[in-house]
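K.L.:
Give me the fold of what follows.
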Amino acid sequence: MRLLVLCTHNSARSQMAEAWLRHHAQALGVALEVHSAGTEKTFVKEEARQVMAEVGLDLSHHVSKTLWEVPDPWGFDLVLTLCAEAEAACPTYPAPTQRRHVPFPDPTGQGLEAWRQVRDALGRMSRFLVERLREGQIPSEEDLRQRAGL
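P.N.:
Model prediction:
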């Protein structure tokens, strides 16, 4: 299965989700190809790198990218949007796919504790999603939001 995490700038939430999803897929033995992208290309925020490093996940090689920069951009089985701006852009995604929108707060401009809260919520949601994918299911948006604590 191929999964795309889409957010506005591909600088924080989508980068953290990508790392969590890959981590949980590997830990649970799920064949999952994960990419993240933004509707705009910027840079990966240092706070995202820092809080993910605290849980042993390295974002040092991650770069911000647009959909046009990921391999086979129209071949995703699931597109996960994480912010309202990306949800508005997502319906233009022309390929047949499943979509889920789970809006996470943007921790930009806040202290590291806010970043850690978003990181941990993304981690819970990502583990739940990978567990369900292992069972052959794609959970509902409501189930993903509840698991994240949103």
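K.L.:
Show me the strands in this protein, by range?
P.N.:
2-7, 33-38, 78-81, 98-101 (DSSP state E).
K.L.:
Minimum distance to E113: which of these has it?
P.N.:
Closest approach to E113 among these is made by strand 2-7 (20.9 Å; C-beta to C-beta). (Each C-beta comes from the backbone N, C-alpha and C, glycine too.)
K.L.:
strand partners of that closest one, parallel vs antiparallel please.
P.N.:
strand 33-38 (parallel), strand 78-81 (parallel) (DSSP bridges).
K.L.:
coming back round to it: just name the most buried of the strands of the chain.
P.N.:
strand 2-7 (a mean of 26; mean count of other C-beta atoms under 10 Å).
K.L.:
can you list the residues that contact it?
P.N.:
Contacts to strand 2-7, defined as C-beta atoms under 8 Å, 6 or more residues apart in numbering, come from residues 13-14, 17-18, 21, 32-39, 67, 70, 72-73, 75-83, 85-86, 89-90.
K.L.:
for stretch 130-142, same thing?
P.N.:
Outside stretch 130-142, the residues that touch it by C-beta under 8 Å, 6+ apart are 1, 21, 24-25, 28-30, 32, 78, 98, 100-102, 128-129, 143, 147.
K.L.:
mind running it again at 10 Å?
P.N.:
For stretch 130-142, contacts defined as C-beta atoms under 10 Å, 6 or more residues apart in numbering pick out 1, 3, 20-32, 34, 77-78, 80-81, 98-103, 125, 128-129, 143-147, 150.
K.L.:
residue with max distance from the center of the protein?
P.N.:
The outermost residue of the chain relative to its centre, with distances by C-alpha atoms, centre = their mean, is G111 at 20.9 Å.
K.L.:
Show the contacting residues for it.
P.N.:
By C-beta under 10 Å, 6+ apart, the neighbours of G111 are E47.
K.L.:
Now do the phi/psi pair for it.
P.N.:
phi -70, psi 170 (degrees, to the nearest 10).
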